[in-house]
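*Asks:* Sequence first, predicted model second:
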Amino acid sequence: MSAEVVLALEHVSRTYPGGVTALDDVCLTIAEGDLLAIVGPSGSGKSTLLNIMGTLDLPTAGSVRIGGQDVATLSDRRLSALRGRRLGFVFQQFHLADGLTAAENVATGLLYAGVPRKQRRRRAAEALARVGLADRMRHQPHQLSGGEKQRVAIARALVHEPALVLADEPTGALDTANGTAVLALLLELHKENTTIAIITHDRDIAARLPRQVSMRDGRIETQVRR
Amino acid sequence: MRLSPLDVLQLGLLGLRTRKVRAALSALGISIGIATMIIVTGIPASSRQALADQLSALGTNMLRVQPTTQGDKPTPLPPESVDMVARIGPVTRIGPVTRVSAVANTHAVVRRSDLIDPNDGSGLTVLASRPDLLPAVNARIASGRFLTATTERFPTAVLGAQAATQLGYDRLRPGTPAPQVSIGNRWFTVIGILEPTPLTPDLDQSVLVGWDAAGDLLGFDGHPTVIYVQSREQSLEDVRAVLPATVNPQLPGLVQVSRPSDALVAKRATESTFGALFLGLAAVSLLVGGIGVANTMVISVLERRREIGLRRALGASRGQIRIQFLTESIALAALGGAAGTVIGVAATVGYAMLQAWPTVIPVWTMGGGIAGAVLVGIVAGVYPAIRASRLTPTDALATT
């Protein structure tokens, strides 16, 4: 089966001013429907890899293609638009906006994709229902538990049906029970054909995913596919 | 991808909604500036309107003829001068002079009773008045009657508004015995009280007695002190030019002609010279308010780095981040401007009501107030907005 390539990194390096090389000649391809873990100890370059995959940062060498488009050729406006349409982010710290309800937070995921206001509200409600929070629509972040917050953040990452969801330590700020539940949710979303990359330092989590990419010192050490 | 105006507005208000106290405090600076601006333009404008209304009610066609004071003693006007002025007209429908009358200082002392010290006249003047004084100075009787050709021969008196208050008679009550005042060493019956006369404030502090009675009872010499002349508006300057020579053909240079309405205008003019100073003050407070908004916005950008990073991750371009923070700054300033306009208008209306003036607030100040506030918001917001947009997504998200 040759699924469509969502993201392709070709010989990507990222060197910071001062000479630190965070990524060194990394090649990685993610196909539609993949669920992979990028695992490694801190300092292995996995966060830099996530930033580059998410076009939040650009490589100093090599190329990044998203849906066949080389991101280095795009202006800030077009790159931002590409990010807003094709990528979804889940962060360790949730990054929900205070003062907005869960539904409004999720709808923000559609704001920059140019979706009309009315549709945003409807699709936000659907996304919240999908992560099991239909009854928490009007709650503000401070009224939600950590696990609920992360589920709202996942709903926000999904609401515009991105080609790829990038999750950076999604269970890192949660207790075991909530962490397990969030991971279970991600696995379930994968079954519904969402492409997901999870960055983690936790090898137990990585072991539960069908594909694992191990990082060390800015290089890909091993790739395992079950 | 473009955001709709409504979305932009909602984004701009988000920061204010979640930090209400801070927004209110930094908008306060702007609102004080705008309120000051409206007050310092509204109050003089209302005052000018009140003056214009007053002048059109009082009339601006009155002239006042007086001997100039040279050394100790003024050169008295000849007794026949009043009639000579009347001949400029003649005082008919065709001539330029429509009304002439005169008063003369009798130098007598008025007292509420003869038990009061004969030298204590309470600062009131006893004037001999011709019976046709009232229409010539546009004065009106508040209570009782004025002197007539009949009563002017008898010891009767009419009190100016302030003189009446000082002597203790606010109004005359029909059916009760008429009050009496002691003038010189004689009792005079009070037959009338005048309404205040803003154009001729000296009449307010006067007790008016008949021309003939003054001559018979108070030893008055018949020389008028002030001649009041009303003329047709268009020939006022011509009349003014010929008055000195008419009044005192021998010594026209010692006659002073003035226009009481000019004095009122001049008085108000000095009041409003402070206007420019206060307008400068308003500009300074607006500037300080603007700096407050800029300061708040810079802090807001520093605090919200993670939000900025997240929005970038969700697809916001630099321009969209910029417009969000610029809108927030403008909204903050406009909020202050609106509050300031309300405060300024309320204060102006309140002050005008207190002074019994009509309220006039120039439209340009109201529009200019809001526009000025928005301008301040733009200027104050540009730097923080650019700073927010320059933040790289990775740096912004890495903020702890």
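*Replies:* Perfect, I can see it now.
*Asks:* quick one: contacts for A:Lys46?
*Replies:* Residues in contact with A:Lys46 (C-beta atoms under 8 Å, 6 or more residues apart in numbering or on different chains) are A:38-40, A:199, A:201, A:215. For the C-beta atoms, the positions are set from N, CA and C on the backbone; glycine is no exception.
*Asks:* Within the helices and strands, which one has the residue of the stretch 301-400 of chain B found nearest chain A?
*Replies:* Closest approach between the stretch 301-400 of chain B and chain A, counting by C-beta to the nearest C-beta: B:Gly315, at 1.7 Å. For B:Gly315, there is no host helix or strand (DSSP states H and E).
*Asks:* who's in contact with it?
*Replies:* Each residue near B:Gly315 by C-beta under 8 Å, 6+ apart is listed here: A:80-85, A:112-113, B:1.
*Asks:* how about the residues you listed in CSV, adding neighbour count?
*Replies:* Shown next, in CSV, are those (neighbours: other C-beta atoms under 10 Å in any protein chain shown):
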residue, neighbour count
A:Ser80, 26
A:Ala81, 19
A:Leu82, 17
A:Arg83, 27
A:Gly84, 27
A:Arg85, 21
A:Tyr112, 24
A:Ala113, 19
B:Met1, 17
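*Asks:* Which pLDDT value goes with the residue lying closest to B:Ala23 once chain neighbours are set aside?
*Replies:* What sits nearest to B:Ala23 in space, not counting adjacent residues and going by C-beta to C-beta, 6 or more residues apart in numbering or on different chains, is B:Leu16, at 4.1 Å. We have a pLDDT of 88 for B:Leu16.
*Asks:* Then B:Ile330?
*Replies:* Value for B:Ile330, per-residue pLDDT: 95.
*Asks:* Secondary structure of it: a helix, I assume?
*Replies:* Yes. Using DSSP: H, G, I helix; E, B strand; the rest coil, the assignment for B:Ile330 is a helix.
*Asks:* How about the contacts made by it?
*Replies:* Taking C-beta under 8 Å, 6+ apart as the definition, contacts of B:Ile330 comprise B:12, B:374, B:377-378, B:381.
*Asks:* Next, work out how far apart it and B:Val376 are.
*Replies:* 9 Å (C-beta to C-beta, to the nearest Å).
*Asks:* swap in B:Thr296?
*Replies:* Distance from B:Thr296 to B:Val376, by C-beta to C-beta: 12 Å.
*Asks:* Just want to know which of these two has more residues nearby.
*Replies:* Set B:Thr296 next to B:Val376 and count neighbours by other C-beta atoms under 10 Å in any protein chain shown: B:Val376 wins out with 29 against 24.
*Asks:* Is it correct that that one is in contact with B:Ile30?
*Replies:* Yes. The pair B:Val376 / B:Ile30 is scored as a contact, 6.4 Å apart, by C-beta atoms under 8 Å.
*Asks:* what sits in contact with each of the two?
*Replies:* B:286, B:289-290, B:293, B:333.
*Asks:* just to revisit the earlier point, filter the contacts of B:Ile330 down to the ones in helices?
*Replies:* Among the contacts of B:Ile330, the members falling in helices (DSSP state H) are B:12, B:374, B:377-378, B:381.
*Asks:* OK, contacts around the spatially closest residue to A:Arg211 that is not a sequence neighbour?
*Replies:* Closest residue in space to A:Arg211, ignoring its immediate chain neighbours: A:Leu36 at 3.9 Å, by C-beta to C-beta, 6+ apart. Neighbour list for A:Leu36: A:30, A:196-198, A:209-213 [criterion: C-beta under 8 Å, 6+ apart].
*Asks:* what's near enough to touch residue 159?
*Replies:* In the absence of a named chain, this looks at chain A. Counted by C-beta under 8 Å, 6+ apart, A:Val159 has contacts A:106-107, A:109-110, A:123-124, A:126-127.
*Asks:* wait, I meant chain B there
*Replies:* Here B:Leu159 is in contact with B:167, B:169, B:181, B:190, B:192-194, B:207-208 (C-beta under 8 Å, 6+ apart).
*Asks:* any idea which of the contacts of A:Leu36 is closest to B:Ile386?
*Replies:* Set against B:Ile386, the nearest of these by C-beta to C-beta is A:Ala197 (33.4 Å).
*Asks:* contacting residues for the closest one?
*Replies:* Counted by C-beta under 8 Å, 6+ apart, A:Ala197 has contacts A:30, A:34, A:36-38, A:50, A:53, A:164-167.
*Asks:* B:Ala136 and A:Glu4: what is the separation?
*Replies:* Note on B:Ala136: its distance to A:Glu4, by C-beta to C-beta, is 104 Å.
*Asks:* neighbour count winner among the two?
*Replies:* Neighbours per residue, other C-beta under 10 Å: of B:Ala136 and A:Glu4, the larger number sits with B:Ala136, 21 against 11.
*Asks:* where does that one fall, phi/psi-wise?
*Replies:* phi -70, psi -30 (degrees, to the nearest 10).
*Asks:* Now do residue 159, the pLDDT please.
*Replies:* Chain wasn't specified; assuming chain A. Residue-level pLDDT assigned to A:Val159 equals 94.
*Asks:* My question was about chain B, not that one.
*Replies:* For B:Leu159, pLDDT reads 90.
*Asks:* do B:Thr394 as well
*Replies:* Predicted confidence (pLDDT) for B:Thr394: 90.
*Asks:* Contact distance from chain B - what residues of chain A qualify?
*Replies:* A:51, A:54, A:56-57, A:76-77, A:80-85, A:87, A:89, A:91, A:93, A:95, A:97-100, A:108-109, A:111-114, A:117, A:156 (C-beta under 8 Å from any C-beta of the partner chain).
*Asks:* and with 7 Å instead?
*Replies:* Residues of chain A lying near chain B by C-beta under 7 Å from any C-beta of the partner chain: A:51, A:54, A:56-57, A:76-77, A:80-81, A:83-85, A:89, A:95, A:97-99, A:108-109, A:111-114.
*Asks:* Mind checking which of those are in strands?
*Replies:* If you go by DSSP state E, the residues of chain A next to chain B have A:Phe89 in strands.
*Asks:* Go through stretch B:151-168 and flag the buried ones.
*Replies:* B:151-164, B:166-167 (16 or more other C-beta atoms under 10 Å in any protein chain shown).
*Asks:* correction: stretch B:313-327
*Replies:* B:313-318, B:320-327.
*Asks:* Tell me the residues of the stretch 201-350 of chain B that contact chain A?
*Replies:* Contacts of the stretch 201-350 of chain B with chain A, taken as C-beta under 7 Å from any C-beta, map to B:306-307, B:310, B:312-320.
*Asks:* Can you name every helix or strand that the helix or strand where B:Ile39 lies contacts?
*Replies:* For B:Ile39, the element it lies in under DSSP H and E is helix B:20-58. Contact here means 3 or more C-beta pairs under 7 Å, 6 or more residues apart in numbering or on different chains; DSSP states H and E; on that basis helix B:20-58 packs against helix B:260-272, helix B:274-303, helix B:318-354, helix B:363-390.
*Asks:* winner for burial among these?
*Replies:* Most buried of those by mean neighbour count (mean count of other C-beta atoms under 10 Å in any protein chain shown) is helix B:318-354; its value is a mean of 21.
*Asks:* relative to helix B:274-303, how tilted is it?
*Replies:* 150 degrees (axes from the mean of the first three to the mean of the last three C-alpha atoms, to 10 degrees).
*Asks:* any idea which element residue 198 lies in?
*Replies:* Picked chain A for this. Using DSSP H and E, A:Ile198 sits in strand A:196-200.
*Asks:* To clarify, I was referring to chain B.
*Replies:* Using DSSP H and E, no helix or strand contains B:Pro198.
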